[in-house]
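A.B. asks: Turn this into a model:
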Amino acid sequence: MHDDRSITEQRLRRVLKERIKPAVHSRSVPLTIERWEAPGEPVPVAEGLAATYGSCAIGDTWGPAWGTTWFKVTGSVPADWAGRTVEAVLDLGFDRMMPGFQCEGLVHRPDGGEIKALNPYNDWVRVADSAEGGERVEWYVEAASNPVLVEHRATYEGDRQTSGDQPLYRLARMDLAVFETEVWELVQDLEVLYDLMTQLSGSDARRYEILRAIDAALDAVDLGDVPGTAAGARARLAAVLAAPANASAHRISAVGHAHIDSAWLWPLRETVRKVSRTASNMVNLMDEHPEFVFAMSQAQQLDWIKTYRPALFERVKKKVADGQFVPVGGMWVESDTNMVGGEAMARQFLYGKKFFLDEFGIETRNVWLPDSFGYTAAMPQIVKLSGSKWFLTQKICWSQVNKFPHHTFWWEGIDGTRVFTHFPPVDTYNSDLGGAQLAHAARNYQEKGRGSRSLAPFGWGDGGGGPTREQLARAKRQRNLEGSPRVEIERPDAFFEKAHAEYEDAPVWAGELYLELHRGTYTSQAKTKQGNRRSESLLREAELWAATAAVRVAGYGYPYEELERIWKTVLLHQFHDILPGSSIAWVHREARATYAKVREELRGITLAAQIALAGEGEEELVFNCAPHTRRGIPAGGAGRPVAPRQPVTVEERLGGGQILDNGRLLVEIDGRGLIVSAYDLEAGRESVAPGRAANLLQIHPDFPNMWDAWDIDSFYRNNVTDLVDLEGLEITELGPESATVRVTRSFGSSRAVQSITLRAGAKTVDIVTEVDWHDTEKLLKAAFPLDVKAERTASETQFGHVYRATHTNTSWEAAKFEICAHRWIHAEEPGWGVAVLNDSTYGHDVTRDVRADGGQTTTVRLSLLRAPRYPDPETDQGSHTLSFSLAPGAAIGDAVREGHGLNLPERVLSGAGPVAPLVAVDQDAVVVEAVKLAEDRSGDVIVRLYESRGGRATATLSADFPLTAAVESDLLERPLAGTAVGAPAADGTVRLTLRPFQIVTVRLHRA
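C.D. replies: Down below sits the predicted model:
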C-alpha cells in the first residue's frame, strides 16, 4: 500500500478548520450592541447596569489598558429557529493563542446575576437547548481590557499610572446562532483521533486503522451541508472510538483546574474578577456535566468570591457539598516557599484550612503547589502538622539542568518527616487533555513497573479560565480508548489514595526540591522582600506583647480581628509572583504601600500592649521580643540592659583606615573602606581570607536569556567589577558603646553609603548599606571571603537550616549557583565557624577556592539588588537600606541568636519596672517562634517552638500564669498525639523533648 498518511492528515486539518468548525454555529443573526466606558477602576455591578449606554457596532475599538467597558446586547431568536439549540457568540476581539492574558468578560442578567464568563476558548453563552421563536435576550457584559504583557520586553503598560489610553481591542462578533450539536461532536471525535494517531508509531497498525476511519468520515461529509451529514461521518468513526485501551495502559486521573495567579501580569483587583469569572463557568459546567470535578486552591480566592459575589459563592458551596467543586491545598494562597518565614508558613495552613473548614466543613488533605519556584526542605513537617497527607507540585519539570528522577515519591524534610508526593509527568498544570500531552505523560512517567497512574490537572490557567466543554469531551472519549492512556475524571484525593495503595514503598527524596531556574526571584523587588520580612517580625512582636498584656493586664483586649486581618494581608503578599518579585509594577507599588500600612498598624498594636505592660513610671525599659536573652534582658521580657564590660576603641591603621576593637573582635578597615581583617580575639582566629577583603561590593551584568525578573543565569559570573573606588571614608561614631566608619562609593549611575559598626560586647560587625540605585540590568552583591575550609554551608530555612555543598562535583551541586537563605548562612570547619547575617536579603551564592598556601577560601556573597526591566521596567530603582553582619567565631546556635537579634530590634519605653516573660524556655537550642492567644478565643496561650541546631534537645517550658494543662497541638491548634510535651509539673513547668528540627505547638490551658 502506498503511504498516503500526509495527504489524509493535511485534508483533515483543512476541512476541520475551514468547513467543519465554522459549521458548529450555522445560521446567525446579529445582536444589537450598546456600550458604556466605566471611568477609572471597576464599578459595582449595579452601577454598570444602571449606566447610560451609547451606540456600538462590530469592528469598533474599545478598551484602554486596564479599563472596563460594559456592553449591553439585545436580540430575539428568529421564529424559524424554534426547537433548535441556540447560543450567543460573543467575541470581544480575542487572540486564541493567549487565554488568560488578554481581554475577558463576565455576562450578567438584567438583575445583576452572573451567567457566564467570556474568554478566547469560551466565547459562547447558551440561550436555550430548545429555543422558542421570539425569545428575548438582554445581557450585560462587563469586559476587562487587560493589556497583553507576555512578550518579555520592557513596557510601562503594567501600571495604570503609566499605561497608555489608546484602545487595545476591536469587537469581533456578537451574534445569536444555531448550535449544531452533531457537528460539534464530530469536531471532538476528529480532534481526539487525530491527536492520538499522530502520537502512535508509524509501524503501529492502530495508527492506520484511525487514518482510514478518518478518511472515510471525511468522505461522508458534504462540505456544502456539514450539519446534515455530520451524523453519517460520526458513524464511520464509531468503531475506532469504541476500541478499548490496552490492559497495561497508563492511567491518568484528570482533575479540572484553573491555575489563577493571585497577582502577576495583572493587579490584585483584577484577580478578584478573574476568580469570579472562572468559578461562574465551572459551576455552569458542573450543571451540564455531573461527572465533572474541579479543584480550586487558595482560600483567599474563594474568600474574594464570598465577599464580592455572594450569590456565586452560594452556588460554589452547593457544588462543594455535591463533591464536584473540590477545595484543595489548604493554604491561604499558593505561596512562595523559599522565602516565607516559618511562622508565616504555619499561618498559611492555619488560615487556609480554617477557611475551608468554616465555610465548607472540609478538611483538605493534599497540599497543592504546582507553580512555586522550588520547595523548602522544611515543608514535609509543616504539611504533616497541618493535618495534610499528600503534596503535589509541577514546577520542578522546569529545571534547566537535571531531570528530577521521580514522579511519585516520599519527600523527606530536614527533621525526617516524610510526605507522599506526586509530580505529574504531563509536565503542565494547564493540560488540554490532548493526545500529545497524554502520550507525553505516559512516556515520561518514571515509575513504570511499580506504579501505573499519574494525575493531570486540566484547564486553562495562569490567568484562569479552567476546563472547557471540549476538554471534557476529550476526557470522555479517552476514558477507554485503544492507544491512549485511560483517562478518568476524579478528585485529587482519589488519585492519591490509589497511588499510595499501589506504591507504598516509593523512593525517597531527602531535602529541598530546588528549582534549577528562577534563581533571581530570591532578589528581585527588594522592597517587597523587605516588607515581607519586616511584617513577619512585627507580627511576632505584636502577638507576643498583646498575648502578654491580655493575660496580665485587666481590661486589655487581645486584638483578634486586627491580627487575623493583618496576617491574611501578609500571607496574600507571599503569593509566588508577589514575594518573588515577578509581577508588574502596579502589584509592587501597591505592595509597598500595603507593607507601610501594615507596619504602622502593627507598631500601634505593639505600643499599646507595651504601654499596658510597662505601667506608669520613669524607668527606661528595653523590650526584647527575640527568642534569646539579649544584654541581660530575658526573651519576651523587658528591663534595663546590662552594660558591656569593655568599651570600643578606634585607632588609625598603618597604611590608612581604622582598627576597631571591643575586646572580642579586632576589625581592620583599610584605606579603601574594605574589611581586611575581622579577628576573633577569643579564639585567636582570622575570619577574612589572606589577601582578600570582606564587605566588598561587586557588580555584574545581569541579562538572562529569557525570564528577566525571574532568572539569574550562571554566565553573569563571567564579568564582575569590584567597587573599590572611594568617595569618602570617615568615622561617624566613636565609642564607648559603639564605633562606626562610614564609607561612600559611586559607581555607574548609583551611589552606596555603608556604615560599618562594632558595638561594645558584640561578636558581630554590623553593616548598614544605603544604596541610591539607578543602574539597570545589573546585579549588586556583597562578598565575604572567609578563611574557613567548609565542605558545606548551612542556610537558615523555616524552623531550621539546610546544608548545601560548597563543591560542584556533580551537575546537581553546580546548578545551585544561587541559593536562598533566611536570616543567615554559616560556614564552619570543626570547632570554629563564621556566619553572615542579614535583615531582608534572601539571595546568596557560595564558592570555594584553594589558595597557594594550601588553605581554602569559602566566599559567601549576598545578592543585594537587581534591576531587570520586565515585567516592571523600573524594578528596584531608588533608595534602599539593607543591613547585614559578619559574625566571626559563630557556631550554629550563635547564628540563630544573632539572626533573630538583627531582625527583631529592641523597643525602648518608660515604665514602672521590669516586665517578666509570659513564657520562658531554659534551652537556647529550643527557639520560641510564636506566642499568641488561641484562635478559638478561649484565652488559652499558644506557644510554637522548634529545635534549631539539628540535634536532640530537652527543655523546660515555664509559664508565668497558672496552668491546668499543656497539650501538644497541630498547626490548627487541635490536640495532636505526640510525645514532645509532658504534663505540667506542680510548679507549672512543662518538660519538652524534641528531635532534630522538630516543630512543637503547645496549647497552655490557663487556670
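
A.B. asks: The stretch 351-500 of the chain: helices as residue ranges?
C.D. replies: 379-385, 435-444, 469-477, 492-502 (DSSP state H, counting those that start in this stretch).

A.B. asks: looking at these, which is closest to residue 399?
C.D. replies: helix 435-444 (13.9 Å; C-beta to C-beta). Every C-beta, even on glycine, is put in place using the N, C-alpha and C of the backbone.

A.B. asks: List the buried residues for that closest one?
C.D. replies: By neighbour count with 16 or more other C-beta atoms under 10 Å, helix 435-444 contains the buried residues 435, 437, 438, 439, 440, 441, 442, 444.

A.B. asks: helices or strands next to that helix in the packing?
C.D. replies: In terms of contacts (3 or more C-beta pairs under 8 Å, 6 or more residues apart in numbering; DSSP states H and E), helix 435-444 is packed against helix 181-199, strand 251-257, strand 453-458.

A.B. asks: Now do the phi/psi pair for residue 1005.
C.D. replies: phi -80, psi 120 (degrees, to the nearest 10).

A.B. asks: Distance of it relative to residue 968?
C.D. replies: 12 Å (C-beta to C-beta, to the nearest Å).

A.B. asks: which intervals of the stretch 751-900 of the chain have sub-threshold pLDDT?
C.D. replies: Within the stretch 751-900 of the chain, no range satisfies pLDDT under 70.

A.B. asks: Give me the longest helix you can find in the protein.
C.D. replies: Secondary structure of the chain read by DSSP state H shows that its longest helix is helix 585-614.

A.B. asks: Packing partners of that one?
C.D. replies: Right, helix 585-614 is packed against helix 526-552, helix 560-572, strand 637-639, strand 907-911 by 3+ C-beta pairs under 8 Å, 6+ apart.

A.B. asks: closest one to residue 880 among the ones you listed?
C.D. replies: helix 526-552 (5.6 Å).

A.B. asks: tell me the angle that closest one makes with helix 560-572.
C.D. replies: On the basis of axes from the mean of the first three to the mean of the last three C-alpha atoms, to 10 degrees, helix 526-552 is oriented at 160 degrees to helix 560-572.

A.B. asks: between helix 526-552 and strand 907-911, how many degrees?
C.D. replies: Going by the same axes, to 10 degrees, helix 526-552 makes 30 degrees with strand 907-911.

A.B. asks: quick one, helix 526-552 and helix 585-614 angle?
C.D. replies: Using the same axes, to 10 degrees, helix 526-552 lies at 30 degrees relative to helix 585-614.

A.B. asks: Count the residues that sit near residue 812.
C.D. replies: 14 (other C-beta atoms under 10 Å).

A.B. asks: List the contacts of the closest residue to it other than its chain neighbours.
C.D. replies: For residue 812, ignoring the flanking residues on the chain, the nearest one in space by C-beta to C-beta, 6 or more residues apart in numbering is residue 402 at 5.6 Å. By C-beta atoms under 8 Å, 6 or more residues apart in numbering, the residues touching residue 402 are 516, 811, 812, 815.
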